[in-house]
Each structure stands twice: as structure tokens, then as C-alpha cells.
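[1] give me a 3D structure for the following:
(one chain, ligands or ions: 2)
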Amino acid sequence: MKISHRLVSQSKSVSAVLLFGGLVYLIVHWLQSWLLPIWIDLPVLEGLKTTYRGRLIWITFYQIIFDVFLNPYFYLPVIGIFYLELIIPAKKEQKVFSVGMLQDFIWFIADIVFFTIVISPYILWIRFICDQYLGFLKIDALTNLTYPLPLIIAIFASDFLIWLSHLVRHKVKYLWYFHSVHHSQTELNLFTDLRFHTIDTLIAITTAIIPLQLLQIATPTTIYYLFIQKWYLRLYHANIKSNYGFLKYLLVTPQSHRVHHSFEAKHCDKNFGTIFSIWDYLFKTQYKQYNEYPDTGINEPRFPLEKSSKLPSLLKTYWLQFIYPFQSIVGK
Ligand SMILES: [Zn+2]
Ligand SMILES: [Zn+2]
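    Ligands and ions are numbered 1, 2, ... in the order given. Below you'll find the model as predicted:
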């Protein structure tokens, strides 16, 4: 199929979603002026305030979210990934701006709100718990090593724990309901790394941050790590046909992660890696056919999959997908 045919055919929907995203961003940005003091004054955060000099650290987290993750430059590599999707697509028939991608983008817009209200205080809370109650688990060995050795060790430790938590989120039924939202994508694309249920994100963040805290990795280093991890995830969720050659034995690839997203029985519970594939080789969960690019999705007919690219429909579907795990737990 010609590249020109695979470009935008839904410009109205794309513009509506982008405008909506911009509006949400501006409102949240504006809200922070009065949201911050409210959060900071909550009695439950009393301990945080004294431990982390409150406002200062709090605002640092805000700046990280607004200045790094929501900075336009952070999204420059999008252009490069779009280009790869055009020249070496895994699924040629998939549009670059698919309905699935627009739905993923709605999850991203919702995340702007969740990161502001839930996730940043949650990260602070984990730091507080680690300092107050898990101090005896802290490992001092890394503090004397020269940079970037501590970072490299922390990345491997964190990556292994996320591998383990990923496996658990597949095996434990109630956790799978939340993780299945990520797996529901039938049109894998670079924004599918944003399609995570908030509860699933909270679990993943907990497993990533705790080892970094216990290994006493400084906050800026943690941020670099999250930055690299975010972009790496975006690259291999894209509709790209590549298994990275010999690098596949070390790294998760677009091919191996597509297999992880497959609904076929033979691919079930394979390739749990986030950055490194070594854990899957070590624990025999690696799928060793490197030229298969299967269709993706979940075998759950009740899942409210997106059908229309119109903004009201995307918002309604977001809500249905958000409540789907809770409904599944109570058996509705
Ligand atoms: Zn998974
Ligand atoms: Zn994925």
C-alpha cells in the first residue's frame, strides 16, 4: 500500500482529540494554582511535608510532569516513529491515525489529570513509606560507586521487578482485569504505552520506584530512567516490523512485544519484558519465533472496544473501559 494512502483520513477526529487534549492541559495547568495548596494542607500529608520540605519537592514533581512529560520537545521522536510506521509497518492495512490510536490518546489526556491528582502525591507517599518504614532494607553499597554504575544497576533491578509484577498482573485474575485494558488494543501504535488503567499504572509505578528508592538512586536519575523507559515503550508498541537482529537477545523488540499482545493460545503468557528480554530467556517465558507478527487484542467479548473516532464516542468508550475492570470484579 502506498504511504500517501496510509496517512490521515480522519483529520476532523484527530483535530477534535488534539483540541480537547489542549483544553484539558490548560485547565489542569490553571487548576494547579489552587490544587497545590489544598493537597499540601491535607493532614494525611503532614509527614511528607516535614520529611520533604513539602512545597518545594511537591512543586519539583509538578515541574517534572509539566516541563518534561508534557513538553512538546519530549514528543519530537514521535515524528521518527511515525516515519518508521510508514516505511516498515508490521500491519500494512492499519492507518497511522487509527481509531485505536485516538482512544489511546484519550487515555493519555485522562492521565494528565491522574498524574496531577493521584500519581505525583502517590510517588511522594512511596518515598515517605520507604524512608519511614523500610529504612532497614536500604542498600548503601551503591552510594560509593562512580556514576553511571549505580544507574545501570538500578535500571536492571527495577526492570527485573517490573518483569515480575507484569507476570503477576497476568496471572492474578483481579489484576488482569486492569491490565487487560492495555492488552485490548487491536491496532498497536506508539501511543499504546499510554493505554494503561490508572490502577495498573499505580502497581507498575510502585514496583519501579521502590527498588530505586531502596538503592538510594537520586530523584534526577530516577527521572532520566523513567524518561528513557517511556520512550523505549513507545518505540516497541508502534506498528513497526523489526526484531532488532541479534539485539533481540538483550532487548524487548516491536516483534516480541507484539507477540505479548497476541490473543493466540500459543503466544499466551510470553515475553513479559519491559526494556530487557534477558528475564524472559532466563525464566523460559521467551517466545522463540522471531518472524511472527500476530494480530493483537483480548479474548473477552464483553470488553467495550472503541468503534468510532468521533470525540463523544471516544469519551464514552473511555469511561466504559475505565469501569470495565471494576464491573468484572463484582461480576457484572
Ligand atoms: Zn501484559
Ligand atoms: Zn504493551
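[2] go ahead and report the secondary structure state at the residue positioned nearest the centre of the chain.
    For the chain, the residue sitting closest to the mean C-alpha position, by C-alpha atoms, centre = their mean, is Asp193 at 4.5 Å. Here Asp193 is helix, with the state taken from DSSP: H, G, I helix; E, B strand; the rest coil.
[3] quick one, what contacts it?
    Counting by C-beta atoms under 8 Å, 6 or more residues apart in numbering, Asp193 touches 230, 233-234, 237. Placement of C-beta: from N, CA and C, glycine included.
[4] switch the cut-off to 10 Å
    Applying C-beta atoms under 10 Å, 6 or more residues apart in numbering, we find Asp193 in contact with 104, 107-108, 182, 229-238, 257.
[5] got it, and Tyr232?
    With contacts taken as C-beta under 10 Å, 6+ apart, Tyr232 has the following neighbours: 193, 251-252, 274-275.
[6] show the buried residues in the contacts of Asp193.
    Of the members of the contacts of Asp193, the ones counted as buried by neighbours, 16 or more other C-beta atoms under 10 Å, are 104, 107-108, 182, 229, 231, 233-238, 257.
[7] list the buried residues for stretch 151-166?
    Buried residues in stretch 151-166, defined by neighbour count with 16+ other C-beta under 10 Å: 151, 153-155, 157-163, 165-166.
[8] what of stretch 89-96?
    Of the residues in stretch 89-96, those buried under the neighbour-count criterion (16+ other C-beta under 10 Å) are 89-91, 94-96.
[9] in CSV, list those residues along with distance to Tyr177, pLDDT and secondary structure.
    As requested, these are exported to CSV (distance: C-beta to C-beta, whole Å; pLDDT from 0 to 100; DSSP: H, G, I helix; E, B strand; the rest coil):
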residue, distance to Tyr177, pLDDT, secondary structure
Pro89, 31, 92, coil
Ala90, 27, 93, coil
Lys91, 27, 92, coil
Gln94, 27, 85, coil
Lys95, 29, 81, coil
Val96, 30, 77, coil
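[10] and Ala110, helix, strand or coil?
    Reduced to three states by three-state DSSP, Ala110 is helix.
[11] measure it to Ile199 for me?
    In this view, Ala110 and Ile199 are 13 Å apart by C-beta to C-beta, to the nearest Å.
[12] which neighbours do the two share?
    Taking C-beta under 10 Å, 6+ apart as the contact criterion, the common neighbours of Ala110 and Ile199 are Phe322.
[13] quick revisit: could I get the buried residues of stretch 151-166 as TSV with distance to Leu26, secondary structure and pLDDT?
    Shown next, in TSV, are these (distance: C-beta to C-beta, whole Å; DSSP: H, G, I helix; E, B strand; the rest coil; pLDDT from 0 to 100):
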residue	distance to Leu26	secondary structure	pLDDT
Leu151	35	helix	75
Ile153	41	helix	80
Ala154	36	helix	77
Ile155	35	helix	81
Ala157	39	helix	82
Ser158	34	helix	80
Asp159	36	helix	87
Phe160	40	helix	89
Leu161	36	helix	85
Ile162	33	helix	86
Trp163	38	helix	92
Ser165	34	helix	88
His166	35	helix	93
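[14] looking at those residues, which is nearest Ile203?
    Closest to Ile203 out of the buried residues of stretch 151-166 is Ser165 (6.2 Å), distances taken as C-beta to C-beta.
[15] the closest one: what's its closest spatial neighbour, skipping adjacent residues?
    For Ser165, the nearest residue in space outside its immediate sequence neighbours is Thr207; the separation is 4.0 Å by C-beta to C-beta, 6 or more residues apart in numbering.
[16] can you give me the pLDDT of Leu42?
    You'll see Leu42 listed with a pLDDT of 56.
[17] actually, Leu102.
    The pLDDT attached to Leu102 in the predicted structure is 90.
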